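*Asks:* What follows is a protein structure lacking sequence information:
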């Protein structure tokens, strides 16, 4: 598949998270616009905002000055603070106007994946900084000269849990040789969604290193698993890989054991024979071995462990109930995986 | 030559045609054209294209749909006529005028239907499809002969046109095509720009493909060629190309677009004629703007959903007509009581009960003002033109939000289906409401933090920490706590009422058209404006001492009315709702049921305001208003 | 509205508030002593606490009737509107602000009589909310008139010789509506079951309809008296995907294992019978939810101006 159509596939897979993020930004832009229009001093704006808000129909029918004077609008904000909010508004507006390219990162060949991702998120994070400032203003806690007036880029490491939940998703285009999965580990939090579009030769299973109990991890050569990726709750990373790479889905919703969560679609036909980028044959083999181990955990043991760990159904639950619960849990698990 | 002039009085013209000196050109400042067919023959489309082309060429225009009451009325029936009536002129046209000067009819029955309604001028030119004379069905041939006999009683100039025959040369099915042939004839008669017509045909049929477009253009050109060859007259209505960009649409489309321009995001409705087409328009485009048309299970739910949305965020609207307004009244009272902003559009039709669903009337004014039980002060205003259908939405939304109340905007079926070019709105982002901020609220600040002087309080919506309260339709105090004590209810009513006084204090007195004193002041509201002003202008041209004024805000009424009225010997409203005539049997000064605005004005000014009103199921005609004006002037001083 | 409903403005403030039962305490409830509504109120407040729902992001909507006083007694946002019309208002709220938690309380007159049309259509819209029918089989606030759920031949002030019609069955009625996604029945005198049912309804994604059998000590005390005294008259629907409270096994021995995904079986069990069946009759999270179906991309004012100008171009002359 040419990379363009894969980028489209990736953007489609991210459709909902992009919409969610964009929607949050747009809503914020509109809220800040509302704040600015209701907190501006009429005499300061001087551009007929009050007249404009009433519409053309009011001309000759409503005395705008009187109309404005009787309204219980909020007290005007100090000019210095208002100026800061205006700056924040402009930043948010620019982000809201950005198209899909805002969510598309191209990693320059031979550079670090981490740096490219961190830089883009820091830039988009400027929107969070702007929103924080505007948020303070709306609750009347913005100081005129305080440090929270900084509208600098805000790196991922400084995003709070709410912001990480609303993180803008990214499509990351890169050479297989530059795919150091560990570079992404620090970003897998909140509701972060990333799709890697990998060009050229790559190690067979680099993303295995990102598998943790609550992270959705996918390597796919087609579109398999992208629907589940899109629906995943929590952090998720997917790679659109050449058919020569391993293909698998690690879905935290699958169960509590790695075996239940991991679905192996295909393994590479050939074992790795040469280093890819900085990843040695040994590292590649290790990743493949790890993948097989995670996928192949014997199920019977898990079932028993689960059953043993199953909490008693209630303080006075009968033995029959306990037995039934155990039986049901057995049955459930055998259906999974 | 297929043209036969039947009326004996038209000898002169026939003679002229015979001489082949080229057509006689009749030059007029304005004229009215009708095209009428069975339903489904496309006369409406023909009329729409013709109207749009007139507007594009720089004529003022006012287009009214001729609508049968049924979806599929029987063919060739008097009541089944469907089509368009286009009045256009060199200057701006503000109403549908008096009588039609030229009509294209696809059969004699729909034409007779129009004549029975008094639509045609006595000297009208009629272009009449004549296939019926040789129709295989004997009954139809008989009807045709009888129809022509009937027509000959009038002084019309009748020109038989073999439309069917001509169209069959191009298409097999003339039900789709005759309208374009008719359009071509009109294009030649009125010297319309064919390039513009092709453009409009392309616009109308853009979704149907190149073939359909080509065939329609061919038919139009055939009609043009036929007229050129066979007609001996042309009519010139000089155009004045405008340098101001204009748009042309009907009133319901304008309402829909106004809803969008005002930044509203929810239109909650239930299908009702003649309001529904506003929702059709919104249904088509609203989602692109992030807006939803919610089609509710009934009229009551429609307003309930809008109130729920408005209670929790941006101002929502509901669009309805008379019967729907009646059903919504309990909820409207609740919105007033809760001080939830809401925009209601009532596209008025003939009432009471099911009345005249497709016809214009102005009889919802009192129910719009007073339809709720208890004291429920709110705002009622009316749009007078299609342009105002658009712009009133923005102002209504703003007032609803600023005064936390219900704003009812009255339009009517005349505006809803009428098409008029107007100055293209310069869209302003500031027309749109921003979301309500969710800033925390101090716990000691009551939800109805009424300013005792104005009754106004800030809005509060769910999501604001510390601001939790229960909005209730029960009598409540400023904390929204149920309060049955006498003082609390008095206070609540007072605060809600005071807002109306405050709004009224910001209104400007309406302007007077004509002198600001004289023998008679004609007062109107809503869509009658153009017709009233034309009638008053004609009266003034005849030297009569008449002025007019048009009222936009019906509740609260604007200031200065009493003073204004006092400068005229007589004040009379002109309205499309029922009132008793002073000389009707049993009717006395005391028991006379007057027109609706008249009642409001009498109460507000204590001036003995008179009224002249009719409910013809049609817009009022300037000529009839003029007659009423003269009649009232003859009655002498009353005030 | 009908967007995702989230904004970044609150992001900067980390909300570390913890809410106790007291934080959800509104005005003192003024229902009659012994009225079942008290128990329902407590269960709702307990749910709000357990789920730590922010009071400002929770809206209780009601109509008119005894049960509709509910919002006044809970310290969240509330909307105490018109008789029978709670559901349209709730749908409007959900359309405008999908992120809010919406609870609706209705009485049997409210829901099944004057508001019956809205009930059917709200079920079909399947907007995400909890709808509680507080069913005491009688009009209470207006002092004892026959309601649609009043048992046959039970006397009231309007039908003193006994009601003339068989009562309407709210469960089968709801189950019969296209898109019904959650139908449960519980009884206010079994608080644990009431609570668990409410909790399941809250977690259900869609329109969760619960009929709560509710005692009215003044007008219908007799109707539920037997069932309160003898648990034998109650039958519990239990299932792993439904509600099963082992604590209650000893008392309520009549149990039916019922899989809530089985609509036909749900319909069968919901028919009138000698026993009062409580539990989850039907649950289906796979049905479209109205606020999701209608969800749209958000637009800024500027974007709208641009689009509106394009729209005006279409009408330009």
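*Replies:* Great, that's in hand. Please read these numbers as outputs of a predicted model, since none were measured by experiment. Numbering: from 1, shown residues only, chains lettered A, B, ... in the order given.
*Asks:* Contact partners for the closest residue to chain B within the stretch 201-337 of chain A?
*Replies:* Using C-beta to the nearest C-beta, residue A:230 is the residue of the stretch 201-337 of chain A that sits closest to chain B, at 21.9 Å. Every residue, glycine included, has its C-beta placed from N, CA and C. Residues counted as contacts of residue A:230 (C-beta atoms under 8 Å, 6 or more residues apart in numbering or on different chains) are A:13-17.
*Asks:* most surrounded residue in these?
*Replies:* Of all the contacts of residue A:230, residue A:14 has the most neighbours under the rule other C-beta atoms under 10 Å in any protein chain shown, reaching 27 neighbours.
*Asks:* Quick check: the gap between that residue and residue B:572.
*Replies:* Computed as C-beta to C-beta, to the nearest Å, the residue A:14 to residue B:572 distance reads 67 Å.
*Asks:* same question, residue B:517
*Replies:* 15 Å.
*Asks:* okay, these two: which has more neighbours?
*Replies:* More neighbours surround residue B:572 than the other of residue B:517 and residue B:572, with 25 against 14 (other C-beta under 10 Å).
*Asks:* Assumed the more buried one was part of a strand.
*Replies:* Yes. Checked against DSSP: H, G, I helix; E, B strand; the rest coil, residue B:572 lies within a strand.
*Asks:* Now find how far off-centre the helix or strand in which residue B:109 is found is within its chain.
*Replies:* Taking DSSP states H and E as the criterion, residue B:109 maps to helix B:108-116. Centroid displacement of helix B:108-116 relative to its chain, using C-alpha atoms, centre = their mean, to the nearest Å, is 24 Å.
*Asks:* pLDDT on it, on average?
*Replies:* Averaging pLDDT along helix B:108-116 yields 95.
*Asks:* what packs against that helix?
*Replies:* strand B:30-37, strand B:100-105, strand B:120-129, helix B:138-152 (3 or more C-beta pairs under 8 Å, 6 or more residues apart in numbering or on different chains; DSSP states H and E).
*Asks:* Quick one: mean pLDDT for the following helix or strand past the last one?
*Replies:* The one in question is helix B:138-152. Sequence order places strand B:157-161 as the next helix or strand after helix B:138-152, per DSSP H and E. Summarised as a single mean, pLDDT over strand B:157-161 is 96.
*Asks:* how many degrees apart are strand B:157-161 and strand B:100-105 in direction?
*Replies:* 20 degrees (axes from the mean of the first three to the mean of the last three C-alpha atoms, to 10 degrees).
*Asks:* can you give me how far strand B:157-161 is from the chain middle?
*Replies:* 32 Å.
*Asks:* For the helix or strand following it, which residues meet the burial criterion?
*Replies:* Remark: after strand B:157-161, the chain's next helix or strand is helix B:163-168, criterion DSSP H and E. For helix B:163-168, a neighbour-count test (16 or more other C-beta atoms under 10 Å in any protein chain shown) marks B:163-164, B:166-167 as buried.
*Asks:* Same check on stretch C:252-271?
*Replies:* In terms of neighbour count (16+ other C-beta under 10 Å), stretch C:252-271 has its buried residues at C:252, C:258, C:260, C:265-267, C:269-270.
*Asks:* wait, does it contact chain A?
*Replies:* No. Figure legend: stretch C:252-271 not in contact with chain A (C-beta under 8 Å from any C-beta of the partner chain); closest approach 9.6 Å.
*Asks:* Can you check the distance spanned by that stretch, start to finish?
*Replies:* For stretch C:252-271, the first-to-last residue distance is 20 Å (C-alpha to C-alpha, to the nearest Å).
*Asks:* which ones are touching the closest residue in space to residue B:295 that isn't next to it in sequence?
*Replies:* Spatial nearest neighbour of residue B:295, excluding adjacent residues (C-beta to C-beta, 6 or more residues apart in numbering or on different chains): residue B:269 at 6.3 Å. Residues in contact with residue B:269 (C-beta under 8 Å, 6+ apart) are B:275-276, B:279, B:293-296, B:302, B:318-320.
*Asks:* Quick check: residue B:81 touching residue B:66?
*Replies:* Yes. Counting by C-beta atoms under 8 Å, residue B:81 does reach residue B:66; the two are 5.8 Å apart.
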